[in-house]
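Chemist: Could you work out the structure for the sequence below:
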Amino acid sequence: MVDYHRAQPAPAAGPNGDYMAQEEDWDRDLLLDPAWEKQQRKTFTAWCNSHLRKAGTQIENIDEDFRDGLKLMLLLEVISGERLPKPERGKMRVHKINNVNKALDFIASKGVKLVSIGAEEIVDGNAKMTLGMIWTIILRFAIQDISVEGKGRDPGGSASRCCSGGILKVSFAETSAKEGLLLWCQRKTAPYKNVNVQNFHISWKDGLAFNALIHRHRPELIEYDKLRKDDPVTNLNNAFEVAEKYLDIPKMLDAEDIVNTARPDEKAIMTYVSSFYHAFSGAQKAETAANRICKVLAVNQENEHLMEDYEKLASDLLEWIKRTIPWLEDRSPQKTIQEMQQKLEDFRDYRRVHKPPKVQEKCQLEINFNTLQTKLRLSNRPAFMPSEGRMVSDINTGWQHLEQAEKGYEEWLLNEIRRLERLDHLAEKFRQKASIHEAWTEGKEAMLQHRDYEAATLSDIKALLRKHEAFESDLAAHQDRVEQIAAIAQELNELDYYDSPSVNARCQKICDQWDVLGSLTHSRREALEKTEKQLETIDELHLEYAKRAAPFNNWMESAMEDLQDMFIVHTIEEIEGLIAAHDQFKSTLPDADKEREAILGIQREAQRIADLHSIKVAGNNPYTSVTPHIINSKWERVQQLVPKRDHALLEEQSKQQSNEHLRRQFASQANIVGPWIQTKMEEIGRISIEMNGTLEDQLNHLKQYEQSIVDYKPNIDVLEQQHQLIQEALIFDNKHTNYTMEHIRVGWEQLLTTIARTINEVENQILTRDAKGISQEQMQEFRASFNHFDKDHGGALGPEEFKACLISLGYDVENDRQKRRGSVDTDDFRALLPAGCSLGDAEFNRIMSVVDPNGSGTVTFQAFIDFMSRETTDTDTADQVIASFKVLAGDKNYITAAELRRELPPEQAEYCIARMAPYRGSDAGPGALDYKSFSTALYGESDL
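Modeler: Numbers count the residues shown, from 1 in each chain. Alright, predicted model coming up:
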């Protein structure tokens, strides 16, 4: 069953969302080599079955058994520990495609880029695409997070170095998963003769590499010295049989598959080797101890480098500030504008080029100082104290003095330049304004003296008047410019400008011309107004016609548009409303005909007056394009459209009466089915809370209740048939019921889902009870406590309810910490429940992150039970480093230089030898070194 599974914490995605970018060489355009395809089929099938057997199933044919998507979704749930969406149980192609798409969407959600792999190809049984998809899953869930700790060589052959405190992490952010797995294999097989792992194909053909991996971790299982390089079949069979028998690694390939192939399939070998990696994921105790020391020493070395960098950067920055401040405080004035502008340019060059890098250096200095202090604090080291005069506060003080001098210097430069530019600026301003005014007045006198109004029409006269009014406004606006010109000329005279006579002459000419323009403007206005009155009488009649014809024409156009408008109605009330509106429209037609006759009468009167006074009138009304002919033509069209509209409304009325019958029929059935579903949902809720009897009794009762729900399905089918008739009639609403077919479908699906989920919860409780050795009485005790605090009977506890539940069981956080450090048996969770409670906020938040990894704010009963057996890791302390050294020293109270060089990388071994004091104990041997005082000094508990 893959319908429902309990939620598990989602595995963290790698820092690089595009997993295995170098593995995109999977060729989707060419066929696989037959021998490689055969190896991949065997290996991938065995790998999938090693996980599917946990769910009680397996596959036989990898490109056939995943076609419906069900076992594919189950495989992803088993290897990820997460629940996928509910699969579709239909046997149609679309159901299979939907299931496979759900699986592919889940893979993509883990940051995996699926190139050219589609659901249709998996459903069609495309062997190449199916193998490619399984390879992508193996990369993501079996190989992606492989990490290698300690010393060794990288895949390229160069010596690796400890980083991030001594741990070399081979992950997708730094190198590919393939290279990480290869590095692990190289390090583990390095001591063995005739083993040289450089790849995942040729290096594994003789079988010695597989045997070396087993012998390195389980030497009692392999007699490695008896193996011969020239007998690869025996070597491979020996390794595969031992792995299957003692390491629970299924046999994924036959020895002949590898030996008889010139180049074994790389992906098949990687899959097989990754199973060995996970089987041997627990590192040896001595190697772990060496890595811990590497980590601590690397932190110390890095901190020393940061301190040296800070001192140098601070010294350089303070020296630059000291050189720059005297230059900014120099206020010697210059004689010319050019010299002052050069000073300003030098200052701007300082601001653009010289200062920005220093700002960045200052910022970086503060960042480095804060980073260093944080690292020292996190690694339990004493805080860093810079040398005298080089504190961050000293640098900030010097920087403030620099910026104060900089601000005053810029203000002084600008004031000097403004002072020298003042006279030149005033003279240039006068010339510019005078030129603009003279250009504007050019041609204005001729325009005002033109008699263009003598042969104009009334509309032309009005246009000329508006144009003249605009000119008068423009003239008034230019008054301010003339005044400014005079004021600037006056100021230049007061400042004794050298060219004052020419300025005064030009200013006088401008003022004289301004007076002439004012006189001509007044004379032209009087002539235009006199001519206007002579043409207004006839124009008024034209205007009256236009005012009444335009709205009447618009009314007729609107009426024609409404009479021809397509209408869409859904109820009897809507069509009856349209019929009533149409009848109202028909009642207005007589009044409209009277208005038409009145408008045509105005046009006839205007023509009569023009003929009487021998006035030449333009052929068309200047105010409107609506002629009497247009009005009469549109009126006739309205008369023709009215009966057509009557017929269309009556037909729609008949249709809506039929639709109303279908609505009532559907509502009658829906009002029965809807409440029934609601009632069943409430009953299931009560059953899931009460849970009387044993878990097996509860499971049998729920399955009987599920069958009674399935038997109600024919009523849903009847409602579906009635809904089909409604859809065919295009009916979109139904006021006779609050239930839609979508509501019924969703309610039915939720009902089936709820009962199935409840059954699954009981099944999971049975599995948990049996797997963790919890008795029926303990399970009932947990259920009783959980139900007591589940006030809303929703099947989940909020944070405060969960905290109260833990307190009621006597949960003690301090005891829990001891458990995680190994002082309490991890299988006896009741050892964690003494009397009293000390559940602090920080510890409770940690617990919530375990039982509610998705941050939903609720805790399910299953998560509540699982919490009791969880464990976490500890952190480094000085005592733990001492214990690690003691492991390397063979339980002695001292360690020798030879032992350090044998167990640690060369650089860090020499670091320890140079700093460890001689051991003075009575049991000291030759060259004994005191690793205890060295370890406490690393954490600031003594002097190094």
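Chemist: Wait, I488 touches R431, no?
Modeler: No - I488 sits out of contact with R431 when judged by CB atoms under 8 Å, with a separation of 9.6 Å. (Each C-beta comes from the backbone N, C-alpha and C, glycine too.)
Chemist: the more surrounded of these two?
Modeler: Comparing I488 with R431 by other CB atoms under 10 Å, the one with more neighbours is I488, at 20 against 12.
Chemist: intersection of neighbour lists for I488 and R431?
Modeler: Common neighbours of I488 and R431 are not found (criterion: CB atoms under 8 Å, 6 or more residues apart in numbering).
Chemist: so how far is N291 from A298?
Modeler: Per CB to CB, to the nearest Å, A298 is found 10 Å from N291.
Chemist: I meant T753, not that one.
Modeler: Using CB to CB, T753 is found at 49 Å from N291.
Chemist: Looking at those two, which has the bigger crowd around it?
Modeler: Taking other CB under 10 Å, T753 and N291 do not tie; N291 has more neighbours (21 against 13).
Chemist: so which helix or strand takes in that one?
Modeler: helix 285-328 (DSSP states H and E).
Chemist: Likewise for G685?
Modeler: helix 628-690.
Chemist: Identify the bridge partners of L929.
Modeler: Legend: beta-bridge partners of L929 under DSSP bridges are I895, P918.
Chemist: quick one: contacts for it?
Modeler: Y894, I895, T896, A897, L900, C912, I913, M916, A917, P918, Y919.
Chemist: Tell me the confidence at it?
Modeler: Note for L929: predicted pLDDT of 92.
Chemist: Please report how far it lies from W440.
Modeler: The gap separating L929 from W440 is 98 Å, by CB to CB.
Chemist: Same check on G518?
Modeler: G518 is 15 Å from W440, where distance means CB to CB.
Chemist: before we move on, what about D424?
Modeler: 25 Å.
Chemist: Kindly report the same for R422.
Modeler: The value you get for R422 to W440, if CB to CB is used, is 28 Å.
Chemist: between those two, who's got more neighbours?
Modeler: W440 (13 against 9).
Chemist: pretty sure the more buried one is in a helix, no?
Modeler: Yes - looking at W440 with DSSP: H, G, I helix; E, B strand; the rest coil, it is inside a helix.
Chemist: Excluding chain neighbours, give the residue nearest to it in space.
Modeler: In this structure, W440 finds its nearest non-sequential neighbour in H478, 6.5 Å apart by CB to CB, 6 or more residues apart in numbering.
Chemist: The one you found and M741, how far apart?
Modeler: Taking CB to CB, one finds H478 at 76 Å from M741.
Chemist: how about low-confidence regions in the stretch 501-650 of the chain?
Modeler: 531, 534, 610, 613-619 (pLDDT under 70).
Chemist: And the helices in it, which stretches?
Modeler: 536-564, 572-587, 589-612, 628-690 (DSSP state H, counting those that start in this stretch).
Chemist: deepest of these, which one?
Modeler: Sort the helices of the stretch 501-650 of the chain by mean neighbour count, taking mean count of other CB atoms under 10 Å, and helix 536-564 sits at the top with a mean of 16.
Chemist: What is the subsequent helix or strand relative to the helix or strand bottoming out on mean pLDDT in the chain?
Modeler: When each helix and strand of the chain is scored by mean pLDDT, DSSP states H and E, helix 813-820 comes last, with a mean of 43. Note on helix 813-820: by DSSP H and E, the next helix or strand toward the C-terminus is helix 841-851.
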